[in-house]
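Asker: Predicted model follows, preceded by the sequence.
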Amino acid sequence: MKSSLDRIRQLIDEHDAILFLKGTPEFPMCGYSAQAVNALNKAGHGHIRYVNIMADAELRANLPRLSNWPTFPQFFLHGELLGGADILAELLDSGELQRIVAELDKAA
């Protein structure tokens, strides 16, 4: 049986873009998760995997250990932590998030 850290690594490796959030894109459970989803939606959404950390206590406890980032949401792009809601908002404002999402769409 895989450890929770191995499961997290596998999720991150399997998806070019993945957002670990509290809740779901349809029903975020905190303001920061809602902000992150909103930024991604405004950017065009793209082929992004969403993972509800509230549904998995081990994932919720161990993702901060793996990423060395204590809060949620956490957005990973090509296996690297990009940041949380504040970073996604900055990338949206600069137009960079739209470019990222467009590239994800092309690759899919």
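Answerer: All right, it came through fine. For clarity, every value in this text was computed on a predicted model and none was experimentally measured.
Asker: dump the residue contacts of G44.
Answerer: When contacts are counted by Cβ atoms under 8 Å, 6 or more residues apart in numbering, G44 touches 98, 101-102, 105. Quick note: C-beta positions are derived from backbone N, CA and C, even for glycine.
Asker: F75 touches D16, doesn't it?
Answerer: No. Using Cβ atoms under 8 Å as the test, F75 is too far from D16 to be in contact (11.6 Å).
Asker: When these two are compared, which one has more neighbours?
Answerer: Neighbour count, other Cβ atoms under 10 Å: between F75 and D16, F75 has more, with 24 against 19.
Asker: In the helix or strand harbouring that one, which residues are buried?
Answerer: In this structure, F75 sits in strand 74-77 according to DSSP states H and E. Applying a neighbour-count criterion of 16 or more other Cβ atoms under 10 Å, the buried positions in strand 74-77 are 74-77.
Asker: what packs against the helix or strand immediately after it in the chain?
Answerer: The helix or strand immediately downstream of strand 74-77 is strand 80-83, counting by DSSP H and E. With contacts defined as 3 or more Cβ pairs under 8 Å, 6 or more residues apart in numbering; DSSP states H and E, the packing partners of strand 80-83 are strand 74-77.
Asker: Which secondary structure elements does the strand it packs on sit against?
Answerer: Applying 3+ Cβ pairs under 8 Å, 6+ apart, we find strand 74-77 packed against strand 17-21, helix 57-67, strand 80-83.
Asker: Please dump those into JSON lines; it should also carry mean neighbour count, mean pLDDT and distance to F27 for every row.
Answerer: Output for the helices and strands packed on strand 74-77, formatted as JSON lines (neighbours: other Cβ atoms under 10 Å; pLDDT from 0 to 100; distance: least, Cβ to Cβ, whole Å):
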{"stretch": "strand 17-21", "mean neighbour count": "24", "mean pLDDT": "97", "distance to F27": "10"}
{"stretch": "helix 57-67", "mean neighbour count": "15", "mean pLDDT": "94", "distance to F27": "17"}
{"stretch": "strand 80-83", "mean neighbour count": "15", "mean pLDDT": "96", "distance to F27": "23"}
